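Peer 1: here is the input, now give the coordinates:
(one chain, ligands or ions: 1)
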Amino acid sequence: MTIIELRNIYRKKLNLSHNECDFIYKIILEELCSIDPIKIALDPHCIINQDSKKIILDSLDPISKNYPIDYLINKKNFYGYDFYVNEDVLIPRPETEELVQWVLEDNININKSKKLIDLCSGSGCIGITIYKENKNMDVTLSDVSEKALEICNKNKIKLASNVKTIKLDLNSKFLPQNKYDIIVSNPPYLSPNEANEIGKNVKYEPETALFAPSNDPLHYYKRIIEFALINLNKKGQIYLEINPVFIKDFNQLLSDFNLNDVNFRDDFRGKKRLVKVSF
Ligand SMILES: C[S@@+](CC[C@H](N)C(=O)[O-])C[C@H]1O[C@@H](n2cnc3c(N)ncnc32)[C@H](O)[C@@H]1O
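Peer 2: Now for the predicted structure:
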């Protein structure tokens with residue numbers, strides 16, 4: 001079968017526009033078959049070997065069921081770095097790049113090492129990117145999920161990053177351990193009521209990465225602040241991604257803890273999604 005015949009099967013079988021089909025087909029060719037997609041235009045009648053043909057045809061079913069392409073190719077670009085991802089971790093989001101950007105901006109001129117912990121690290125995209133962009137950051141990645149920590153370790157090697165990984169359950173009792181100068185986190189923050197509003201492909205991502213407890217959408221923020229009260233150095237900062245839906249309750253939470261040095265930032269969609277709390 002030729003490259004153009006397979007492209008036409010893609011167009012026929014997927015309930016998407018030709019542009020969308022072609023976009024996905026090119027990613028599959030390049031990432032899973034190591035075939036340069038330019039061949040579709042330059043050599044449309046080139047024969048695709050049996051192995052690649054099988055990969056291409058097998059990809060139709062998951063794609064038609066909205067399975068995320070990033071999981072299919074085990075890759076997501078975040079802040080210019082290719083992270084390994086699979087169903088054990090959340091697919092890094094562009095909003096989170098803005099959180100990373102904020103931490104980097106605030107620490108551009110430091111000449112002394114700072115200790116930073118990424119709580120709820122998932123794939124490790126936040127902490128690893130911060131380390132790659134600022135070698136003065138002494139970074140620890142932490143998550144409750146052993147499987148997520150395995151992916152962190154995989155990405156640590158893939159991206160040659162000298163970061164530590166530790167298992168840390170935000171629901172456990174915190175003991176004074178290492179002190180940090182910066183805490184950064186994108187914890188699970190969706191309320192189960194929002195499950196219907198989020199994209200169809202989100203159903204393939206780990207529920208524990210997405211949802212906060214139904215009766216307490218700010219649960220993880222409370223726990224992060226409690227962690228900070230024990231393990232954050234004086235004059236330290238917490239950078240968080242938050243759910244804009246609960247902004248009023250979030251403000252209340254901060255004032256319950258007497259935290260008033262607070263800055264919010266809008267994400268690229270104009271939603272109040274990022275916050276910095278200075279201690
Ligand atoms: C929204 S994902 C964020 C992943 C990554 N930081 C990112 O931005 O792509 C939340 C992460 O919190 C972790 N998590 C869930 N419950 C936790 C807990 N009790 N303690 C620590 N981490 C937890 C999940 O395993 C998941 O990796």
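Peer 1: residues from the stretch 151-279 of the chain in reach of the ligand?
Peer 2: With Cβ under 6 Å from any ligand atom as the criterion, the stretch 151-279 of the chain meets the ligand at residues 168, 169, 170, 171, 186, 187, 188, 208, 209. Quick note: C-beta positions are derived from backbone N, CA and C, even for glycine.
Peer 1: can you redo those residues as TSV with pLDDT?
Peer 2: As requested, these are exported to TSV (pLDDT from 0 to 100):
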residue	pLDDT
168	96
169	97
170	97
171	96
186	98
187	98
188	96
208	92
209	94
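Peer 1: out of those residues, which end up buried?
Peer 2: Burial by neighbour count, 16 or more other Cβ atoms under 10 Å: within these this picks out 168, 170, 186, 187, 188, 209.
Peer 1: which of these lies closest to residue 233?
Peer 2: When those are ranked by distance to residue 233 (Cβ to Cβ), residue 168 comes first, at 17.4 Å.
Peer 1: hmm, residue 142 and that closest one touching each other?
Peer 2: Yes - in terms of Cβ atoms under 8 Å, residue 168 counts as a neighbour of residue 142; the distance is 3.8 Å.
Peer 1: got the CA positions of the lowest-mean-pLDDT helix or strand in the chain in CSV?
Peer 2: The weakest-scoring helix or strand in the chain, judged by mean pLDDT, DSSP states H and E, is helix 207-210 (a mean of 92). These are the backbone C-alpha positions of helix 207-210, laid out as CSV (Å, rounded to 0.1, in the frame of the first residue of the first chain):
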residue,chain,number,x,y,z
GLU,A,207,-8.4,10.4,37.8
THR,A,208,-6.1,10.9,40.7
ALA,A,209,-4.2,13.5,38.7
LEU,A,210,-7.3,15.4,37.8
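Peer 1: what is it packed up against?
Peer 2: With contacts taken as 3 or more Cβ pairs under 8 Å, 6 or more residues apart in numbering; DSSP states H and E, helix 207-210 sits against no other helix or strand.
Peer 1: picking up where we left off before, turn the buried ones among the residues of the stretch 151-279 of the chain next to the ligand into TSV, including secondary structure.
Peer 2: Conversion of these to TSV gives the following (DSSP: H, G, I helix; E, B strand; the rest coil):
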residue	secondary structure
168	coil
170	coil
186	coil
187	coil
188	coil
209	helix
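Peer 1: between the residues you listed, which sits nearest residue 176?
Peer 2: Of all these, residue 176 sits closest to residue 168, with 13.5 Å by Cβ to Cβ.
Peer 1: if I pick that closest one, what's in contact with it?
Peer 2: By Cβ atoms under 8 Å, 6 or more residues apart in numbering, the contact list for residue 168 reads 119, 142, 143, 144.
Peer 1: quick revisit: between residue 168 and residue 142, which contacts overlap?
Peer 2: The overlap between the contact sets of residue 168 and residue 142 (Cβ under 8 Å, 6+ apart) consists of residue 119.
Peer 1: hang on, the earlier thing: and which of the buried ones among the residues of the stretch 151-279 of the chain next to the ligand is nearest to residue 46?
Peer 2: Distance ranking of those against residue 46, using Cβ to Cβ, places residue 209 first at 40.8 Å.
Peer 1: list phi and psi for the nearest residue to that closest one once chain neighbours are set aside.
Peer 2: If the residues on either side of it in the chain are set aside, residue 209 comes closest to residue 90, at 4.2 Å by Cβ to Cβ, 6 or more residues apart in numbering. Per-residue torsions, residue 90: phi -60, psi 140 (degrees, to the nearest 10).
Peer 1: distance of residue 90 from residue 188?
Peer 2: 9 Å (Cβ to Cβ, to the nearest Å).
Peer 1: what touches both of these two?
Peer 2: Counting by Cβ under 8 Å, 6+ apart, the residues touching both residue 90 and residue 188 are 209, 210.
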